[in-house]
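Visitor: Sequence first, then the predicted structure, then my questions.
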Amino acid sequence: MARPTGGYRNAAGQRVPGASTIAKVGADPGGLLHWAWQLGIEGKDYREARDAAAGAGTLVHTAAESWKKGEPVTFTGDPAVVAQAQTGFGAFLQWAEQTRLKIEETELSLVSEVHQYGGTFDATLIAGKRAMADYKTASSLYPEHLLQVVAYGQLWREHFPEKPLDGGYYILRFSREYGDFTASWFGELEDAWQAFLAARRLYEFTAKVKARCR
(Lines give C-alpha, C1' and ligand atoms only; values in the text may rest on other atoms or scores of the structure.)
Protein backbone atom coordinates (compact mmCIF):
# COMPACT_ATOMS: atom_id res chain seq x y z
CA MET A 1 0.00 0.00 0.00
CA ALA A 2 1.24 3.42 -0.88
CA ARG A 3 1.84 5.90 1.89
CA PRO A 4 0.75 9.54 1.43
CA THR A 5 2.90 11.68 -0.83
CA GLY A 6 5.50 13.33 1.37
CA GLY A 7 5.15 10.72 4.10
CA TYR A 8 3.09 10.80 7.28
CA ARG A 9 2.69 14.06 9.20
CA ASN A 10 1.15 14.70 12.59
CA ALA A 11 -1.28 17.49 13.50
CA ALA A 12 1.64 19.91 13.86
CA GLY A 13 2.84 19.16 10.33
CA GLN A 14 5.90 17.22 11.52
CA ARG A 15 6.94 14.04 9.75
CA VAL A 16 6.52 10.80 11.67
CA PRO A 17 7.72 7.31 10.74
CA GLY A 18 5.47 4.68 9.21
CA ALA A 19 4.39 1.56 11.08
CA SER A 20 6.17 -0.70 8.58
CA THR A 21 9.46 1.14 9.13
CA ILE A 22 9.19 0.90 12.90
CA ALA A 23 8.22 -2.78 12.76
CA LYS A 24 11.51 -3.58 11.02
CA VAL A 25 13.64 -1.93 13.72
CA GLY A 26 15.72 -4.66 15.33
CA ALA A 27 14.35 -7.34 12.99
CA ASP A 28 16.58 -10.40 12.72
CA PRO A 29 18.22 -10.51 9.26
CA GLY A 30 19.67 -13.97 9.93
CA GLY A 31 17.36 -15.87 7.60
CA LEU A 32 17.95 -13.47 4.73
CA LEU A 33 21.71 -13.52 5.23
CA HIS A 34 21.78 -17.33 5.27
CA TRP A 35 19.68 -17.45 2.10
CA ALA A 36 22.06 -15.08 0.29
CA TRP A 37 25.08 -17.03 1.60
CA GLN A 38 23.64 -20.35 0.42
CA LEU A 39 23.00 -18.96 -3.03
CA GLY A 40 26.60 -17.75 -3.15
CA ILE A 41 27.84 -21.25 -2.24
CA GLU A 42 25.73 -22.60 -5.11
CA GLY A 43 27.19 -20.03 -7.48
CA LYS A 44 23.89 -18.21 -7.96
CA ASP A 45 23.27 -14.46 -8.10
CA TYR A 46 20.98 -13.56 -5.19
CA ARG A 47 19.44 -10.72 -7.21
CA GLU A 48 18.33 -13.05 -9.99
CA ALA A 49 17.01 -15.56 -7.47
CA ARG A 50 15.17 -12.81 -5.59
CA ASP A 51 13.46 -11.50 -8.70
CA ALA A 52 12.47 -14.96 -9.88
CA ALA A 53 11.15 -15.99 -6.47
CA ALA A 54 9.07 -12.84 -6.17
CA GLY A 55 7.19 -13.59 -9.36
CA ALA A 56 4.21 -15.75 -8.37
CA GLY A 57 3.72 -14.20 -4.94
CA THR A 58 3.87 -10.68 -6.32
CA LEU A 59 1.32 -11.53 -9.02
CA VAL A 60 -1.13 -12.96 -6.47
CA HIS A 61 -0.62 -9.99 -4.14
CA THR A 62 -1.25 -7.57 -7.00
CA ALA A 63 -4.37 -9.50 -8.01
CA ALA A 64 -5.71 -9.41 -4.45
CA GLU A 65 -5.08 -5.67 -4.25
CA SER A 66 -7.01 -5.17 -7.51
CA TRP A 67 -9.84 -7.41 -6.29
CA LYS A 68 -10.36 -5.50 -3.06
CA LYS A 69 -10.55 -2.22 -5.02
CA GLY A 70 -13.06 -3.65 -7.47
CA GLU A 71 -10.59 -3.35 -10.35
CA PRO A 72 -10.05 -5.91 -13.16
CA VAL A 73 -7.67 -8.73 -12.29
CA THR A 74 -5.11 -9.68 -14.92
CA PHE A 75 -2.03 -11.91 -14.96
CA THR A 76 0.92 -11.46 -17.32
CA GLY A 77 4.34 -13.08 -17.43
CA ASP A 78 5.88 -16.51 -17.69
CA PRO A 79 3.08 -19.09 -18.20
CA ALA A 80 4.35 -21.34 -15.42
CA VAL A 81 4.52 -18.45 -12.96
CA VAL A 82 1.10 -17.19 -14.03
CA ALA A 83 -0.38 -20.67 -13.49
CA GLN A 84 0.99 -20.72 -9.93
CA ALA A 85 -0.34 -17.22 -9.30
CA GLN A 86 -3.80 -18.10 -10.60
CA THR A 87 -3.93 -21.12 -8.29
CA GLY A 88 -2.96 -18.97 -5.29
CA PHE A 89 -5.46 -16.28 -6.21
CA GLY A 90 -8.16 -18.90 -6.58
CA ALA A 91 -7.43 -20.10 -3.04
CA PHE A 92 -7.68 -16.52 -1.80
CA LEU A 93 -11.04 -16.01 -3.52
CA GLN A 94 -12.36 -19.25 -2.06
CA TRP A 95 -11.31 -18.16 1.44
CA ALA A 96 -12.82 -14.70 0.88
CA GLU A 97 -16.15 -16.29 -0.06
CA GLN A 98 -16.13 -18.74 2.85
CA THR A 99 -15.38 -16.01 5.41
CA ARG A 100 -17.62 -13.38 3.78
CA LEU A 101 -14.64 -11.05 3.45
CA LYS A 102 -15.70 -7.46 2.89
CA ILE A 103 -13.48 -4.40 2.66
CA GLU A 104 -14.87 -1.63 4.87
CA GLU A 105 -12.11 0.94 4.28
CA THR A 106 -9.46 0.69 1.55
CA GLU A 107 -5.95 2.16 1.93
CA LEU A 108 -6.90 4.38 4.83
CA SER A 109 -3.96 6.56 5.94
CA LEU A 110 -3.95 7.65 9.59
CA VAL A 111 -1.49 9.10 12.11
CA SER A 112 -1.34 8.36 15.83
CA GLU A 113 -1.00 11.58 17.80
CA VAL A 114 -0.48 9.49 20.94
CA HIS A 115 2.46 7.43 19.68
CA GLN A 116 3.58 9.56 16.70
CA TYR A 117 3.56 7.15 13.78
CA GLY A 118 1.47 6.64 10.67
CA GLY A 119 0.10 3.79 8.62
CA THR A 120 -1.94 2.94 5.55
CA PHE A 121 -4.16 -0.13 5.75
CA ASP A 122 -7.49 -1.77 4.97
CA ALA A 123 -10.27 -2.22 7.51
CA THR A 124 -12.13 -5.45 6.82
CA LEU A 125 -15.18 -7.37 7.88
CA ILE A 126 -14.54 -11.11 8.16
CA ALA A 127 -17.35 -13.47 9.16
CA GLY A 128 -19.38 -10.39 10.04
CA LYS A 129 -16.81 -9.03 12.50
CA ARG A 130 -14.46 -6.09 12.04
CA ALA A 131 -10.84 -7.22 11.79
CA MET A 132 -7.49 -5.69 10.94
CA ALA A 133 -5.87 -7.49 8.03
CA ASP A 134 -2.58 -7.01 6.25
CA TYR A 135 -1.46 -8.51 2.94
CA LYS A 136 2.10 -9.85 2.72
CA THR A 137 4.23 -11.42 0.00
CA ALA A 138 6.75 -13.45 2.00
CA SER A 139 8.27 -16.91 2.28
CA SER A 140 7.17 -17.14 5.91
CA LEU A 141 5.37 -15.31 8.71
CA TYR A 142 7.77 -12.97 10.53
CA PRO A 143 7.50 -11.10 13.87
CA GLU A 144 7.56 -7.72 12.15
CA HIS A 145 4.33 -8.68 10.37
CA LEU A 146 2.58 -8.95 13.73
CA LEU A 147 4.05 -5.66 14.96
CA GLN A 148 2.81 -3.91 11.85
CA VAL A 149 -0.74 -5.26 11.90
CA VAL A 150 -1.21 -4.54 15.62
CA ALA A 151 0.06 -0.99 15.04
CA TYR A 152 -2.62 -0.60 12.38
CA GLY A 153 -5.16 -1.81 14.90
CA GLN A 154 -4.10 0.89 17.33
CA LEU A 155 -4.49 3.54 14.64
CA TRP A 156 -8.02 2.36 14.02
CA ARG A 157 -8.89 2.41 17.72
CA GLU A 158 -7.60 5.95 18.16
CA HIS A 159 -9.64 7.29 15.26
CA PHE A 160 -12.75 5.10 15.41
CA PRO A 161 -13.36 4.14 19.05
CA GLU A 162 -17.04 3.70 18.29
CA LYS A 163 -16.21 0.88 15.83
CA PRO A 164 -14.39 -1.80 17.84
CA LEU A 165 -12.13 -4.43 16.30
CA ASP A 166 -13.99 -7.50 17.50
CA GLY A 167 -12.64 -9.86 14.83
CA GLY A 168 -8.95 -9.90 15.76
CA TYR A 169 -6.04 -9.66 13.34
CA TYR A 170 -5.24 -11.44 10.08
CA ILE A 171 -2.06 -11.81 8.08
CA LEU A 172 -3.01 -12.77 4.52
CA ARG A 173 0.23 -14.15 3.13
CA PHE A 174 1.16 -15.06 -0.43
CA SER A 175 4.18 -17.33 -0.77
CA ARG A 176 6.98 -15.42 -2.44
CA GLU A 177 8.08 -18.37 -4.59
CA TYR A 178 4.89 -20.29 -5.34
CA GLY A 179 2.08 -17.81 -4.70
CA ASP A 180 0.40 -20.14 -2.19
CA PHE A 181 -2.17 -18.40 0.01
CA THR A 182 -2.28 -18.66 3.81
CA ALA A 183 -4.51 -16.81 6.28
CA SER A 184 -3.22 -16.55 9.85
CA TRP A 185 -5.58 -15.28 12.57
CA PHE A 186 -4.68 -13.83 15.98
CA GLY A 187 -7.27 -13.05 18.61
CA GLU A 188 -5.02 -10.63 20.49
CA LEU A 189 -1.48 -9.32 20.02
CA GLU A 190 -0.60 -7.54 23.25
CA ASP A 191 3.00 -8.82 23.21
CA ALA A 192 3.40 -7.59 19.64
CA TRP A 193 2.01 -4.19 20.63
CA GLN A 194 4.50 -3.87 23.49
CA ALA A 195 7.28 -4.88 21.10
CA PHE A 196 6.12 -2.22 18.65
CA LEU A 197 6.20 0.45 21.36
CA ALA A 198 9.75 -0.61 22.24
CA ALA A 199 10.71 -0.46 18.55
CA ARG A 200 9.17 3.02 18.33
CA ARG A 201 11.41 4.24 21.16
CA LEU A 202 14.45 2.52 19.65
CA TYR A 203 13.71 4.19 16.30
CA GLU A 204 13.65 7.60 17.97
CA PHE A 205 16.87 7.12 19.92
CA THR A 206 18.65 5.58 16.93
CA ALA A 207 17.79 8.68 14.89
CA LYS A 208 19.26 10.88 17.62
CA VAL A 209 22.45 8.82 17.78
CA LYS A 210 22.82 9.01 13.99
CA ALA A 211 22.47 12.78 14.20
CA ARG A 212 25.39 12.86 16.67
CA CYS A 213 27.56 11.07 14.09
CA ARG A 214 27.26 13.74 11.44
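Guide: Nice, I can see it.
Visitor: what's the burial count for residue 24?
Guide: Using other CB atoms under 10 Å, residue 24 is surrounded by 16 other residues. (C-beta placed from N, C-alpha, C; glycine too.)
Visitor: check contacts around it.
Guide: residue 144 (CB atoms under 8 Å, 6 or more residues apart in numbering).
Visitor: What values do phi and psi take at it?
Guide: The phi/psi pair for residue 24 (degrees, to the nearest 10) reads phi -90, psi -10.
Visitor: just residue 136 next, same as before
Guide: phi -130, psi 140.
Visitor: per-residue pLDDT, it?
Guide: Looking at residue 136, its pLDDT reads 93.
Visitor: and what of residue 46?
Guide: 55.
Visitor: Helix or strand with the lowest mean pLDDT in the protein?
Guide: Least confident helix or strand, the chain: helix 30-41 with a mean of 59, by mean pLDDT, DSSP states H and E.
Visitor: just for the protein, where's the confidence low?
Guide: For the chain, the stretches with pLDDT under 70 are 1-2, 28-39, 44-54.
Visitor: Could you pull out the strands in it for me?
Guide: Assigned by DSSP state E, the strands in the chain fall at 8-9, 15-16, 102-112, 117-126, 129-137, 169-174, 181-186.
Visitor: Tell me which of those approaches residue 43 most closely.
Guide: Of all the strands of the chain, strand 129-137 sits nearest to residue 43, with 26.4 Å by CB to CB.
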